[in-house]
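Return atomic coordinates for the entry below.
(chains A, B, C and D)
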Number of protein chains: 2
Amino acid sequence: MSGKSPIRVFSVDDHPLLREGIAALVNSQPDMVLIAQGATGAEAIQLFKEQLPDVTLLDLRLPDMSGIDVLIAIRSQFPDARIIMLTTFEGDVEVHRALQAGARGYLLKNMPPTELLEVIRQVHAGKKRIPPEIASQLLEHMSDEVLTEREIEVLREVADGNRNREIAERLFISEETVKVHIKHIMEKLGASDRTQAVSIGLRRGIIQL
Amino acid sequence: MSGKSPIRVFSVDDHPLLREGIAALVNSQPDMVLIAQGATGAEAIQLFKEQLPDVTLLDLRLPDMSGIDVLIAIRSQFPDARIIMLTTFEGDVEVHRALQAGARGYLLKNMPPTELLEVIRQVHAGKKRIPPEIASQLLEHMSDEVLTEREIEVLREVADGNRNREIAERLFISEETVKVHIKHIMEKLGASDRTQAVSIGLRRGIIQL
DNA sequence: TTTTGTCTACCACGATCGTGGTACTGGCCA
DNA sequence: TGGCCAGTACCACGATCGTGGTAGACAAAA
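Presented below is the predicted three-dimensional model:
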């Protein structure tokens, strides 16, 4: 066992301090080594091609693009890429999308370092690893209906404080259609009015501030 | 100059990985040393008393209490405590409160490590240090009117999707009074309706999800 | 091909909200 | 003591929203 080559880890996050922490942690382990770091999505894709790491730690929110898009981009070229998504927030929508897009693990940044190391090892060994906290959250919203792209667009407009007529103008549809969308949004999210719909949308990570 | 004792730094954050990063960074500097770490507010207050650090890095959001309350608690006993607030978000309300409560510095977690080291040194030297990004943000909202406690309470209820009548019942006031509060909230925040008021309140950190 | 889902659109009615007044109370500060 | 502010309360009117229908176009899936 001692002759095995170490797990080659690649970390992508726009927080330098956090990258520093991951670097220190990973390199302190005898069976793994950090081979590269990136801060943006573009950098992540580029460096992945060059380095072909064993395991990639990918922040969900990057300055230039969504971590999920990076995930998709990488896996379209390297279907076997073993990628673990890291996030600060507990947006369940994102968990879903990330796992569907082929993420092998999903971790919150406030989890203990030992957990991170464990997940890296398991994912490297070909397993999927979702911590119970995330898994239960996932189950909780399994039956939730998913908003369509158009509905999310409308919800964003609502969050910006636009009235139905304004939203209609901005999206080039009739005010009545806007109402229909909002009705569906509220039904799906279980909101009693547009304001609560925005709150829930923000909490679930469906829209951002 | 080389005979000076190093700056004794104390770091409080509930993200172990981030603490790891700060530890690695600080300890890599010849003129500073990390003497302790904490993950909660209670721990922070306790460890501060025991260690009396030169500079404290304090996360704004801690699991058990607000970083600002920790700041106040520490400074009530140690008025000379040099504390730098760290945060992920750009909530301007919090900046204000933190500085009024006596924070010597205020940093976003996604800033480059060199910036952090610079601020630690400056704060240790007795200066205040607010990075330009934060300072401009501060100026931007200098003239903003501040919501009263009651108004914030009402805004929270609004964010939860309660109607005026419900809010009235929950806060034991009349529906008309609720309307007055919401009117004032919208005026102060420059919102066109309650939904935008919630968005702005969330963005500014006046309320949380 | 049929079905399903999404987006679009219209209408009408009641509920709720936002606006612009006025006004009394109690606390704080000059 | 007088002024200011926060909080409370009321009213009336127009604007906006939410609900409950129905329905056509189009694309994707079954």
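
Any stretches of chain A with poor pLDDT?
Residues of chain A that meet the criterion pLDDT under 70 lie in A:1-3, A:142-143.

Show me what from it comes close to DNA strand D.
Within chain A, the residues that sit near DNA strand D (Cβ under 7 Å from any atom of the strand) are A:Arg163, A:Asn164, A:Arg165, A:Lys179, A:Val180, A:Ile182, A:Lys183, A:Met186, A:Ser192, A:Asp193, A:Arg194, A:Thr195. Backbone N, C-alpha and C define where each C-beta goes, glycine included.

among those residues, which ones are buried?
Buried by 16 or more other Cβ atoms under 10 Å in any protein chain shown: A:Arg163, A:Asn164, A:Ile182, A:Met186, A:Arg194, A:Thr195, out of those.

Quickly name whichever of these is closest to B:Ile200.
Comparing these against B:Ile200 with Cβ to Cβ places A:Thr195 closest, at 12.3 Å.

can you point me to the longest helix in chain A?
helix A:175-189 (DSSP state H).

and it, anywhere near chain B?
No: Helix A:175-189 stays out of contact with chain B when judged by Cβ under 8 Å from any Cβ of the partner chain, the minimum separation being 9.5 Å.

Next: stretch A:200-209.
Yes: using Cβ under 8 Å from any Cβ, stretch A:200-209 reaches chain B at A:Leu202, A:Arg203, A:Leu209.

What ranges does chain A have for its helices?
A:16-27, A:41-51, A:67-77, A:92-100, A:113-124, A:132-140, A:149-159, A:164-171, A:175-189, A:194-203.

Report the buried residues of the third one.
Across helix A:67-77, burial judged by 16+ other Cβ under 10 Å covers A:Gly67, A:Ile68, A:Val70, A:Leu71, A:Ala73, A:Ile74, A:Arg75.

which one of the residues you listed is nearest A:Leu155?
Top of the list for closeness to A:Leu155, among the buried residues of helix A:67-77 and by Cβ to Cβ, is A:Ile68 at 18.6 Å.

ok, back up a step: now for the buried ones among the residues of chain A next to DNA strand D: which two are most distant?
Greatest spatial distance among those (Cβ to Cβ): A:Arg163 and A:Met186, at 15.8 Å.

Nearest spatial neighbour of A:Ile130, chain-adjacent residues omitted?
Distances taken as Cβ to Cβ, 6 or more residues apart in numbering or on different chains place A:Tyr106 nearest to A:Ile130, at 5.5 Å, with adjacent residues excluded.

Show me what counts as buried in stretch A:152-167.
A:152-164, A:167.

now it, how far from the chain's geometric center?
Stretch A:152-167 has its C-alpha centroid displaced from the chain centroid by 24 Å (Cα atoms, centre = their mean, to the nearest Å).

do that stretch and chain B meet at all?
Yes: interface with chain B: stretch A:152-167 contributes A:Val158, A:Ala159, A:Asp160, A:Gly161, A:Arg163 (Cβ under 8 Å from any Cβ).

Who are the contact partners of the last one?
Read that as A:Arg163. Counting by Cβ atoms under 8 Å, 6 or more residues apart in numbering or on different chains, A:Arg163 makes contact with B:Ser192, B:Asp193.

tell me which parts of chain A are close to DNA strand C?
Proximity of chain A to DNA strand C, by Cβ under 7 Å from any atom of the strand, involves residues A:146, A:148-151, A:171, A:173-174, A:176-177, A:179-181, A:193.
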